[in-house]
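J.: quick one, fold the following:
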Amino acid sequence: MAKNFWVAMLLIMVLGCKKKGDDDTAPYKWKRDLYRARVQSEGPAVFNSKDPNVARNPDAIFLSSSYIVLTEHRRNEQQDSIFNASGRTQVYKYEKVNN
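T.: Have a look, this model is predicted:
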């Protein structure tokens, strides 16, 4: 009886302490493209949102490309960081590389 109690307690601890969502342990290789918003004659050069389809956005100007290794969570943080730090004028587009 006591053995079953300790097994049940162990299961409760293991399942209760499991981290939910945003698994930040698996790194992936990403192709990262940096885009800048086009200057408009009527207003400032800004993106309306962090659009993942920025390559099809006519207001996006390609600046550079690089390959990096990041987890999904770090990729999201980096994408938010450049977007906010640049005053919504620059945005990263990420694409997972199979390797």
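
J.: what bits of this protein have low per-residue confidence?
T.: 17-24, 50-52, 55-56, 99 (pLDDT under 70).

J.: just the element for the most centrally placed residue in it, please.
T.: The chain has residue 76 as the residue nearest its centroid, 1.9 Å off, counting by C-alpha atoms, centre = their mean. Residue 76 belongs to helix 72-85 when assigned by DSSP states H and E.

J.: relative to helix 72-85, how tilted is the helix or strand following that helix?
T.: Downstream of helix 72-85, the first helix or strand assigned by DSSP H and E is strand 90-96. Here the directions of strand 90-96 and helix 72-85 differ by 160 degrees (axes from the mean of the first three to the mean of the last three C-alpha atoms, to 10 degrees).

J.: now strand 90-96: how far from the chain's centre is it?
T.: In terms of C-alpha atoms, centre = their mean, to the nearest Å, the centre of strand 90-96 is found 9 Å from the chain centre.

J.: could you do stretch 62-76 as well?
T.: With C-alpha atoms, centre = their mean as the basis, stretch 62-76 stands 8 Å off its chain's centre.

J.: for that stretch, measure first residue to last.
T.: When the termini of stretch 62-76 are compared using C-alpha to C-alpha, to the nearest Å, they are 20 Å apart.

J.: quick check: buried residues in it?
T.: By neighbour count with 16 or more other C-beta atoms under 10 Å, stretch 62-76 contains the buried residues 68, 70, 72, 75. (Each C-beta comes from the backbone N, C-alpha and C, glycine too.)

J.: which pair of these spans the longest distance?
T.: 68 and 72 (12.7 Å; C-beta to C-beta).

J.: ok so, going back, possible to save the buried residues of stretch 62-76 as a markdown table with distance to residue 96?
T.: Below are those laid out as a markdown table (distance: C-beta to C-beta, whole Å):
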| residue | distance to residue 96 |
| --- | --- |
| 68 | 11 |
| 70 | 10 |
| 72 | 9 |
| 75 | 9 |
